[in-house]
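Peer 1: One predicted model, sequence on top.
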Amino acid sequence: MKIATFNANSIRSRLPIILDWINKNAPDALCVQETKAQDHDFPDAEIRQAGLHVVFKGEKSYNGVAIISPHAVKDAVFGFDDDGPSDETRLVAATIQGVHILNAYVPQGRALDHPMWPYKLQWFKRLRAYLDRHFKATQGVVWTGDLNVAHLPLDVNHPENKARHVCYHADVRQAFSDCLAWGFTDVFREKHPDERLYSFFDYRVKNALENNVGWRIDYILATPALAACCTDAYIDLAPRRMEKPSDHTFLVAEFDRRAAP
């Protein structure tokens with residue numbers, strides 16, 4: 001089973017890249033974030049014409065999540081079911097081929113003195129509680145998406161300069177660690193324990209991709225039974241080199257479920 005994640009930074013702008021990538025790579029599930037399209041503007045007709053299933057929820061110019069698959073996408077549920085904001089355009093859970101997939105677009109946080117910073121930290125706590133309510137670590141669960149946190153020093157260029165950045169601050173790294181402790185393995189880092197490989201390259205940084213100046217803020221996290229049968233995990237940089245790319249690129253993990261313990 002092949003699962004991929006991609007922050008599109010506008011699905012309508014990036015649809016040719018997405019459909020081309022799906023055609024060449026044949027994922028069983030592609031989780032997309034930051035679709036930036038209201039539901040009536042989402043290009044679901046074009047996706048279905050390509051023989052794919054899709055579930056989505058979005059808003060104008062902001063947020064938005066989708067899951068695209070050649071298989072049926074079952075039991076899709078958007079947002080949190082707690083007392084806070086529903087955040088339906090930031091979280092979708094669904095089942096594909098018996099695997100529970102959570103696709104998340106975690107708030108970026110903006111600045112340490114901005115209201116979105118504590119909201120971001122709380123978002124991770126809400127996600128941990130959501131997992132406790134709905135799943136068990138003994139199940140096949142994948143949590144993926146743009147999680148807006150560089151977990152380790154390896155996950156960002158020049159970490160010594162990022163201590164007060166909302167995507168590397170100690171508090172957000174701890175909040176993320178608390179969610180990982182629920183029962184997730186970072187399958188990419190398992191396959192690449194010592195490599196500085198990134199999935200996000202800021203448009204504003206000149207030659208960021210060429211100079212490998214980036215962040216790894218996109219993740220595919222798996223519960224133990226799935227992590228144990230992960231055969232490969234990699235970042236595909238080719239789409240970031242295409243004309244009119246997203247500032248993110250595709251992260252992929254492959255699982256041989258026949259080898260599951």
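Peer 2: Alright, I've got the coordinates. Numbering: from 1, shown residues only.
Peer 1: Tell me where the model's unsure across the chain.
Peer 2: 261 (pLDDT under 70).
Peer 1: Quote the end-to-end distance of stretch 244-252.
Peer 2: Start-to-end span of stretch 244-252 (C-alpha to C-alpha, to the nearest Å) is 21 Å.
Peer 1: Check stretch 57-68 too.
Peer 2: From its first residue to its last, stretch 57-68 covers 12 Å (C-alpha to C-alpha).
Peer 1: ok, now stretch 148-163?
Peer 2: 14 Å.
Peer 1: Now that stretch: buried residues?
Peer 2: Neighbour counts over stretch 148-163 (16 or more other C-beta atoms under 10 Å) mark 148-151, 154-157, 162 as buried. Heads up, the C-betas are built off the backbone N, CA and C, glycines and all.
Peer 1: So which of those sit within strands?
Peer 2: Using DSSP state E, no member of the buried residues of stretch 148-163 falls in strands.
Peer 1: residues contacting residue 114?
Peer 2: By C-beta atoms under 8 Å, 6 or more residues apart in numbering, the contact set of residue 114 is empty.
Peer 1: Over to residue 152?
Peer 2: Remark: with contacts taken as C-beta under 8 Å, 6+ apart, residue 152 is in contact with residue 189.
Peer 1: Can you tell me which helices and strands the helix or strand encompassing residue 124 packs against?
Peer 2: Taking DSSP states H and E as the definition, residue 124 sits inside helix 116-134. When contacts are defined as 3 or more C-beta pairs under 8 Å, 6 or more residues apart in numbering; DSSP states H and E, helix 116-134 packs onto strand 91-96, helix 170-180.
Peer 1: For residue 32, find the nearest of these.
Peer 2: Closest to residue 32 of the helices and strands packed on helix 116-134 is strand 91-96 (C-beta to C-beta; 9.9 Å).
Peer 1: Quickly run through the sheet partners of the helix or strand that that closest one is followed by, with directions.
Peer 2: Per DSSP H and E, strand 91-96 leads on to strand 99-105 as the next helix or strand towards the C-terminus. Partners of strand 99-105 in the sheet, by DSSP bridges, are strand 91-96 (antiparallel), strand 141-146 (parallel).
Peer 1: hang on, the earlier thing: and the buried residues of stretch 148-163, which is closest to residue 243?
Peer 2: The nearest member of the buried residues of stretch 148-163 to residue 243, counting by C-beta to C-beta, is residue 157 at 24.6 Å.
Peer 1: sorry, back to before: give me the contact list for the helix holding residue 124.
Peer 2: Helix 116-134 has contacts (C-beta under 8 Å, 6+ apart) with 80-82, 84, 87, 90-91, 93, 102, 104, 106-111, 141, 143, 148, 166, 171-172, 175-176, 178-179, 182.
Peer 1: Redo the strands paired with strand 99-105 as CSV? Include mean neighbour count.
Peer 2: Shown next, in CSV, are the strands paired with strand 99-105 (neighbours: other C-beta atoms under 10 Å):
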stretch, mean neighbour count
strand 91-96, 22
strand 141-146, 26
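Peer 1: Can I get these in TSV including distance to residue 200?
Peer 2: As requested, the strands paired with strand 99-105 are arranged in TSV below (distance: least, C-beta to C-beta, whole Å):
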stretch	distance to residue 200
strand 91-96	20
strand 141-146	8
